[in-house]
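[1] coords please:
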Amino acid sequence: DRPVADLYKIDEAIELLTGAERPVIVCGQGAVVAEAGPEVRAVAEALSIPVGTTMTGKGAIPETHPLSIRVVGARGGTSYSNRFLQEADLVFFVGSNTDSAGTDGRKLPSALDQPKIIQLDVSRQETGNNYRADVPLVGDAKATLSAMARRIKERGCKGSAVNGGEVAGAMAALDESVHAAASSDEFPVHPIRFVKALEARIPEKNMVMVEPSTGSIFSAAYLVQKHEGRMFLSGYSMGALGYSLPAAVGAAVARPDHTIVSLGGDGSFYFNCGELETYSRLGLDIKYVLFNNNVFGWIRGEIEHVYNANPFATDFRQIDYCKVAEGFGIRAFRVTEPGQVEQVLEKAFSYRGPAFIEMPVKSQDALVPPIPRWIPNAKKKGLPYHY
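    Numbering: from 1, shown residues only. Next up, the predicted model:
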């Protein structure tokens, strides 16, 4: 049986939730693993509470849900979603370890001047680990939220939240903010053009693998996941370069009826490129996209935007990655102009089996992704950015 948190603590949490004017629910990976989406939605809908997720919690509820503010924090969060945490008077963490990526180094919400905190986790060690939890709930996310939703309904509890009504406008503004980039004719390819082209063409049954790279941060922020469930997997916890190549193998074997999209960078490719032999030998339906900017872009971005120093030991020579893929017996596509993005994706998705796509993009110091601590430097230097 799934463990349920102490009922007295659940009642305390309900009291805080119903009394808060600007509450936010933040779902981490634990909510996805527990398949707690229906229960998260039941609580949120009963009290009109906005729901965000960490990158690893993406898919806890559909990002098209009227109360979804999509991804929050420093890995996929945008100014449109993160402001809900900046203004929150209560944050309810569900299955989140409240790490630096999900909270932007404990600034979302602020650990120095923190709002009320409810933290639900199956591990007692996680509750109150990084924030002082006003109400710690130790139990399974699905079972505990089910009990909470039932008690809210039985008692006819009404919420005081006013920010639930702000979600639709904020998400519409977020979508509008990337409208121009989604049809950009710039080259190297604008990552948002690729992400939106992928969103429109990805098969219904899909899983997306990401690792620290240009592709991951833009997809976490701007690839809208329309369905509930664990369909977006990332290896960010340990900064795992090379994760998406082998992770895609596991996903393809576990879900043979799904198309697997694996997003990686050129720096990451060197770690595990031998896995292409596995793709080829097993004929796995994996579409691997290599974002090529000839540089360890994340490292270069940190040096430029945080330390204001000159980058070193980050650049690569030009490599013909498509020939590497073809050497493994995989059909390869190289995008050489922006108008090919949609065509290449359609070709790759037109058959079952492995495909390799090389996508030229700018480095993170030339086109700044939605990383909160990089944005001040981008503004100062007049660099193009999205946040």
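
[2] Pull out the buried positions in the longest helix anywhere in the chain.
    Using DSSP state H, we find that the single longest helix of the chain is helix 141-155. By neighbour count on 16 or more other C-beta atoms under 10 Å, the buried set for helix 141-155 is 141-149, 152. To be clear about C-beta, it is placed using only N, CA and C from the backbone, and glycine gets the same treatment.

[3] could you dump these to TSV with pLDDT and distance to Tyr243?
    Formatted as TSV, these follow (pLDDT from 0 to 100; distance: C-beta to C-beta, whole Å):
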residue	pLDDT	distance to Tyr243
Ala141	99	25
Lys142	99	27
Ala143	99	31
Thr144	99	31
Leu145	99	30
Ser146	99	33
Ala147	99	36
Met148	99	34
Ala149	99	35
Ile152	98	39
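
[4] Might one say that Ile61 is in contact with Val26?
    No - with contact defined as C-beta atoms under 8 Å, Ile61 does not reach Val26; the gap is 11.7 Å.

[5] These two: which is more packed in?
    Of the pair Ile61 and Val26, Val26 is the one with more neighbours under other C-beta atoms under 10 Å, namely 30 against 27.

[6] which residues does the more buried one contact?
    51-54, 57, 72, 85, 91-94, 96, 102 (C-beta atoms under 8 Å, 6 or more residues apart in numbering).

[7] could you dump whatever helix or strand Leu290 lives in to CSV, C-alpha only?
    Assigned by DSSP states H and E, Leu290 falls within strand 286-292. This file holds the C-alpha atoms of strand 286-292, laid out as CSV (Å, rounded to 0.1, in the frame of the first residue of the first chain):
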residue,chain,number,x,y,z
ILE,A,286,15.1,7.0,-32.1
LYS,A,287,15.5,10.4,-33.7
TYR,A,288,18.7,11.9,-32.4
VAL,A,289,19.1,15.7,-32.8
LEU,A,290,22.6,17.1,-32.4
PHE,A,291,22.7,20.8,-31.7
ASN,A,292,26.0,21.9,-33.1
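
[8] ok, back up a step: and the longest helix of the chain, what other elements does it pack with?
    helix 7-19, helix 37-47, strand 116-121 (3 or more C-beta pairs under 8 Å, 6 or more residues apart in numbering; DSSP states H and E).

[9] Regarding stretch 378-387, how distant is the last residue from the first?
    Separation of the first and last residues of stretch 378-387 by C-alpha to C-alpha, to the nearest Å is 11 Å.

[10] residue boundaries of the strands in the stretch 151-300 of the chain?
    206-210, 232-234, 259-265, 286-292 (DSSP state E, counting those that start in this stretch).

[11] could the ones you listed be laid out in JSON lines, adding mean neighbour count, mean pLDDT and distance to Ala172?
    Formatted as JSON lines, the strands of the stretch 151-300 of the chain follow (neighbours: other C-beta atoms under 10 Å; pLDDT from 0 to 100; distance: least, C-beta to C-beta, whole Å):
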{"stretch": "strand 206-210", "mean neighbour count": "26", "mean pLDDT": "98", "distance to Ala172": "24"}
{"stretch": "strand 232-234", "mean neighbour count": "26", "mean pLDDT": "95", "distance to Ala172": "22"}
{"stretch": "strand 259-265", "mean neighbour count": "28", "mean pLDDT": "98", "distance to Ala172": "26"}
{"stretch": "strand 286-292", "mean neighbour count": "27", "mean pLDDT": "98", "distance to Ala172": "28"}
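
[12] Looking at those, spot the one closest to Lys107.
    For Lys107, the closest of the strands of the stretch 151-300 of the chain is strand 232-234, at 20.7 Å, according to C-beta to C-beta.

[13] Provide the contact partners of that closest one at residue level.
    Against strand 232-234 from outside (C-beta under 8 Å, 6+ apart): 55-56, 58-59, 75, 207-211, 216, 219-220, 223, 225, 243, 247, 251.

[14] Give me the domain ranges for this protein.
    Using automatic domain parsing, the domain parsing of the chain gives 7-170, 178-381.

[15] so of these, which one's packed in deepest?
    Per residue and on average, the most neighbours among the domains of the chain fall to domain 7-170, with a mean of 21 (mean count of other C-beta atoms under 10 Å).

[16] gap between the two ends of it?
    Start-to-end, domain 7-170 (C-alpha to C-alpha) is 35 Å.

[17] for stretch 222-240, same thing?
    21 Å.

[18] which of the buried residues of helix 141-155 lies closest to Leu367?
    Ala141 (36.7 Å).

[19] For that closest one, give me its contacts.
    With C-beta under 8 Å, 6+ apart, Ala141 has these contacts: 30-31, 34, 36, 39-40, 94-95, 120-122.

[20] quick one, which of the strands of the stretch 151-300 of the chain is nearest to Lys347?
    Closest of the strands of the stretch 151-300 of the chain to Lys347 is strand 286-292, at 10.2 Å (criterion: C-beta to C-beta).

[21] Quickly run through the sheet partners of the closest one, with directions.
    Here strand 286-292 is paired, per DSSP bridges, with strand 259-265 (parallel), strand 355-360 (parallel).

[22] among those, which is nearest Val368?
    Short answer: strand 259-265, nearest of the strands paired with strand 286-292 by C-beta to C-beta, at 15.8 Å.

[23] May I have that closest one exported as CSV, CA atoms only?
    Output of strand 259-265 as CSV, limited to C-alpha atoms (Å, rounded to 0.1, in the frame of the first residue of the first chain):
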residue,chain,number,x,y,z
THR,A,259,9.0,7.3,-31.1
ILE,A,260,12.0,8.5,-29.0
VAL,A,261,13.4,12.0,-29.6
SER,A,262,16.9,12.4,-28.1
LEU,A,263,18.3,16.0,-27.9
GLY,A,264,22.0,16.4,-27.4
GLY,A,265,24.9,18.8,-28.0
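
[24] Residues in contact with that strand: which ones?
    198, 202-203, 205-216, 219, 241-242, 244-245, 247-248, 251-252, 284-293, 297-298, 349, 352.
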